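A.B. asks: Build me a structure from this.
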Amino acid sequence: MFKTIIYSIFLLVGISVSAQKEKGINFQNINLEEAKKIAQKENKIIFIDLFTTWCGPCKLMKKNTFPDEKLGEFFNEHFVNLAIDAENSKDGIELVKKFKIVNYPSFLFLDGKGKLIQYDFGYYNAQQFLQVGNAVLQKSITNKKTKNAIRSIDQVKGKMVGEKIKNFTAKDQFGESFSLNDQKQKIILVFIRGQWCPYCNKYVKDLQDLSPELQNKNSKLVIISPEKPEFIEKTIEKTNTKYTVLYDEDYKIAEAFDVLYTPDQKTLEFYNSKLKDDFTNSRSDNSGRLPVSATFIINENKEILWRHFNPDYKERASLEDILKQL
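C.D. replies: Prediction:
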């Protein structure tokens with residue numbers, strides 16, 4: 001009987017201790033790549049407590065702030081939480097270098113692809129840090145709404161002649177980085193919808209006839225595709241193009257040139273039913289967004305010299321018009 005009572009007491013104490021451990025922020029014992037996968041799957045934000053072993057405020061956050069029950073409930077619901085040693089772990093060393101961290105503790109809030117949503121540092125009590133987390137969550141929601149805002153084809157107008165173009169970077173079909181600022185000649189940017197579009201494929205084939213002339217005119221033609229690398233390979237197979245083809249990940253280039261739109265629901269349903277994976281899984285997301293099939297010529301000063309912008313994807317810039325502007 002006595003042994004039973006003692007056992008019951010230890011069992012209750014164990015349960016009590018276990019419950020206390022579960023309070024507060026649950027920092028997962030996984031690496032950053034694993035956290036990205038969870039964040040994407042569960043539609044969460046990644047929170048990283050970047051600490052050092054010698055940092056006093058880091059220890060105070062761990063002791064006083066992170067164990068708070070209310071704070072834990074909020075962060076565990078909305079974030080994938082990581083505590084990373086800035087000096088003694090691979091992820092920590094890489095994060096310090098990437099984000100140029102000099103203050104500790106540092107707090108990184110990243111999206112599912114590892115892109116920074118917000119950075120903060122220093123000591124916060126539980127109530128203050130709850131406000132920080134809530135602000136980050138609202139910022140992320142606003143960013144998603146803005147990013148996924150539906151714009152019809154009638155609402156996009158394209159960048160105008162004379163406008164200065166900010167630098168952009170992207171990966172080409174060989175996995176090499178392309179930067180606009182590194183280009184010392186005129187650039188002809190051609191937006192295509194994808195390898196599933198017969199009009200795009202025919203036009204890319206026709207553009208090959210420009211190649212000898214472009215070399216004589218110190219000009220380079222670059223094709224911008226919203227499709228992932230494995231689908232860009234299909235474009236190259238179908239067209240035999242020798243031009244640079246860039247993957248416009250997350251539609252950043254299309255947005256910068258104001259050519260990104262969302263087709264109407266009837267058109268989207270048609271594309272999804274007829275093209276299936278060639279359409280639904282070929283781009284950065286499943287929003288169905290597409291670029292207008294526009295062409296821009298950018299001079300050496302990174303200004304738009306000429307453009308062809310027609311919402312009708314069947315109408316493309318003529319080879320003759322392109323050559324006249326060079």
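A.B. asks: Can you name every helix or strand that the helix or strand hosting Ala39 contacts?
C.D. replies: Per DSSP states H and E, Ala39 falls inside helix 32-42. If contacts are counted by 3 or more Cβ pairs under 8 Å, 6 or more residues apart in numbering; DSSP states H and E, helix 32-42 sits against strand 45-51, strand 79-85. Heads up, the C-betas are built off the backbone N, CA and C, glycines and all.
A.B. asks: what about the nearest residue to Lys217 once chain neighbours are set aside, neighbour count?
C.D. replies: Using Cβ to Cβ, 6 or more residues apart in numbering and skipping residues adjacent in sequence, the residue nearest Lys217 is Leu326, 4.3 Å away. By the criterion of other Cβ atoms under 10 Å, Leu326 has 18 neighbours.
A.B. asks: check contacts around Ala256.
C.D. replies: Lys159, Ile165, Lys166, Phe168 (Cβ atoms under 8 Å, 6 or more residues apart in numbering).
A.B. asks: avg pLDDT for the helix holding Ala39?
C.D. replies: Helix 32-42 shows a mean pLDDT of 94.
A.B. asks: where does the closest residue to Gly288 other than its chain neighbours fall, phi/psi-wise?
C.D. replies: Spatially, and ignoring its direct neighbours in sequence, Gly288 is nearest to Leu268 (4.5 Å; Cβ to Cβ, 6+ apart). Main-chain torsions, Leu268, degrees, to the nearest 10: phi -60, psi -40.
A.B. asks: Now do the buried residues in the host helix or strand of Phe270.
C.D. replies: Using DSSP H and E, the secondary-structure element containing Phe270 is helix 265-275. For helix 265-275, a neighbour-count test (16 or more other Cβ atoms under 10 Å) marks Leu268, Tyr271 as buried.
A.B. asks: Which SSE is immediately downstream of that helix?
C.D. replies: helix 277-280.
A.B. asks: center of this structure - which residue?
C.D. replies: Asp250 (5.4 Å; Cα atoms, centre = their mean).
A.B. asks: and the nearest residue to that residue once chain neighbours are set aside, how far is that from Gln195?
C.D. replies: Spatially, and ignoring its direct neighbours in sequence, Asp250 is nearest to Ser284 (4.9 Å; Cβ to Cβ, 6+ apart). Ser284 sits 15 Å away from Gln195, going by Cβ to Cβ, to the nearest Å.
A.B. asks: out of these two, which sits in the more crowded spot?
C.D. replies: Higher neighbour count among Ser284 and Gln195: Gln195, with 22 against 16, using other Cβ under 10 Å.
A.B. asks: got any ranges where the protein has weak pLDDT?
C.D. replies: 1-22, 144-149 (pLDDT under 70).
A.B. asks: Swap in 80 and give it another go.
C.D. replies: In the predicted model of the chain, residues 1-22, 142-150 satisfy pLDDT under 80.
A.B. asks: how about the strands in it?
C.D. replies: Ranges of strands in the chain, per DSSP state E, are 45-51, 79-85, 106-110, 116-121, 169-172, 177-179, 186-191, 219-225, 244-247, 260-261, 290-291, 295-298, 304-308.
A.B. asks: Please identify the most buried of the ones you listed.
C.D. replies: The highest mean neighbour count among the strands of the chain, using mean count of other Cβ atoms under 10 Å, belongs to strand 290-291: a mean of 26.
A.B. asks: Each with direction, which strands does that one pair with?
C.D. replies: strand 260-261 (antiparallel) (DSSP bridges).
A.B. asks: Tell me which residues are up against the strand it pairs with.
C.D. replies: Arg151, Ser152, Ile153, Gln155, Val156, Tyr251, Ala254, Arg289, Leu290, Pro291, Val292.
A.B. asks: do stretch 136-146 as well
C.D. replies: Ile45, His78, Phe109, Asp111, Ile117, Gln118.
A.B. asks: repeat that for 10 Å
C.D. replies: Contacts to stretch 136-146, defined as Cβ atoms under 10 Å, 6 or more residues apart in numbering, come from residues 43-45, 47, 74-75, 77-79, 107, 109, 111, 115, 117-118, 120.
A.B. asks: try stretch 198-211
C.D. replies: Outside stretch 198-211, the residues within contact range by Cβ under 10 Å, 6+ apart are 188, 190-195, 197, 214, 217, 219, 221, 223, 225, 234-243, 245, 293, 295, 312-319, 322-323, 326.
A.B. asks: let's go with 7 Å and repeat that
C.D. replies: 190, 192-195, 221, 223, 235, 238-239, 241-243, 293, 313-314, 316, 319, 322 (Cβ atoms under 7 Å, 6 or more residues apart in numbering).
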